[in-house]
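Participant: Would you be able to build a 3D model of this:
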Amino acid sequence: MRVGDVRRDTGSVTDDRRRPRSVYGVGDEPDARFSLANERTFLAWVRTALGLLAGGVALEALDLPMRAGFQLAASVLLVVLGILAPVSAWLGWARAERAVRLRSPMPAPTSFTLLVVGVSAAGVLVLLGIALR
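Facilitator: Just a heads-up that it's a prediction; the model follows:
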């Protein structure tokens, strides 16, 4: 089949150039609104990752009145979360897009716990670093 050909069995349009094939190679083409909503969620996670990275760098770059060990630990934790968030976002996007294409139930979120625990831990480290200075 060529790009733009219509499958006889499902009536959906195929495009062999779309990647990843593990996502676009399954199921039927969904309503564009669902794919675009999924993409917006992915981009929100990427923005969150940028914020975590910026927060971690700023925390270490600023001369804050707190214990250095706590400051470094919170900074490193935020940077690590900033590295993990886009990876998690990509995996979540792929899982959701496959579910939409296969008309199956949406998968449960998997990274919320990591993000909540990590950001909370960074906040506790900052609080302790300030309180114990």
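Participant: Grab the most central residue of the protein for me.
Facilitator: Nearest to the mean C-alpha position of the chain, by CA atoms, centre = their mean, lies residue 89 at 2.0 Å.
Participant: Contacts only, for it.
Facilitator: 41-42, 45-46, 49, 111 (CB atoms under 8 Å, 6 or more residues apart in numbering). Backbone N, C-alpha and C define where each C-beta goes, glycine included.
Participant: and if we set it to 6 Å?
Facilitator: 42, 45-46 (CB atoms under 6 Å, 6 or more residues apart in numbering).
Participant: Tell me which entries of those residues lie within helices.
Facilitator: Mapping the contacts of residue 89 onto helices (DSSP state H) picks out 42, 45-46.
Participant: what comes up buried for the strand or helix carrying residue 81?
Facilitator: Residue 81 belongs to helix 68-102 when assigned by DSSP states H and E. Neighbour-count burial for helix 68-102, with 16 or more other CB atoms under 10 Å as criterion, is recorded at 70-71, 73-75, 77-79, 81-82, 84-86, 88-89, 92-101.
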